[in-house]
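Undergrad: This is the structure alone, sequence omitted:
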């Protein structure tokens, strides 16, 4: 079974941030859906907590995504670029 200890700090940060960044991409994909999509993302986290019980998922869901000192994106395109970059990580060897 996969455990948090198998990831370095950068990889873990990417794993923790990816669901939120993906939700942000959905929010900016279409004008007018931000509240609905934000609520859906929150419900997704709650559903994951209910459905998945294990060391990895518990650790993942217990770690809040870090902003990394990021500033607020100025445009939808900038947010999209930052979210896609934030979801990328070096492949594991």
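TA: All right, it came through fine. The shown structure was predicted, so the numbers you read here are calculated from the model rather than taken from an experiment. Numbers count the residues shown, from 1 in each chain.

Undergrad: is it true that residue 45 touches residue 61?
TA: Yes - between residue 45 and residue 61 there is a contact at 6.7 Å, judged by CB atoms under 8 Å. C-beta coordinates here come from the backbone N, C-alpha and C atoms, glycine included.

Undergrad: residues contacting residue 57?
TA: Residue 57 makes contacts with residue 48, as judged by CB atoms under 8 Å, 6 or more residues apart in numbering.

Undergrad: Report pLDDT for it.
TA: With respect to pLDDT, residue 57 has a value of 83.

Undergrad: if you count what's nearby, which of residue 45 and residue 61 comes out ahead?
TA: Set residue 45 next to residue 61 and count neighbours by other CB atoms under 10 Å: residue 61 wins out with 15 against 12.

Undergrad: Now tell me what touches stretch 19-30 from outside.
TA: 33-34, 37-38, 40-41, 44-45, 65, 76, 79-80, 83-84, 86-87.

Undergrad: do that again at 6 Å, thanks
TA: By CB atoms under 6 Å, 6 or more residues apart in numbering, the residues outside stretch 19-30 that reach it are 34, 37, 41, 65, 76, 79, 83, 86, 87.

Undergrad: Out of the residues you listed, which one has the lowest pLDDT?
TA: Among the contacts of stretch 19-30, pLDDT bottoms out at residue 65, giving 70.

Undergrad: I'd say that one and residue 14 touch.
TA: No - taking contacts as CB atoms under 6 Å, residue 65 lies outside contact range of residue 14: 10.1 Å.

Undergrad: that older thread, save the contacts of stretch 19-30 as JSON lines, and put in distance to residue 6 and neighbour count too.
TA: Supplementary listing: these in JSON lines, determined by distance: CB to CB, whole Å; neighbours: other CB atoms under 10 Å:
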{"residue": "34", "distance to residue 6": "35", "neighbour count": "13"}
{"residue": "37", "distance to residue 6": "31", "neighbour count": "18"}
{"residue": "41", "distance to residue 6": "26", "neighbour count": "17"}
{"residue": "65", "distance to residue 6": "19", "neighbour count": "14"}
{"residue": "76", "distance to residue 6": "35", "neighbour count": "13"}
{"residue": "79", "distance to residue 6": "31", "neighbour count": "17"}
{"residue": "83", "distance to residue 6": "25", "neighbour count": "21"}
{"residue": "86", "distance to residue 6": "21", "neighbour count": "19"}
{"residue": "87", "distance to residue 6": "19", "neighbour count": "16"}
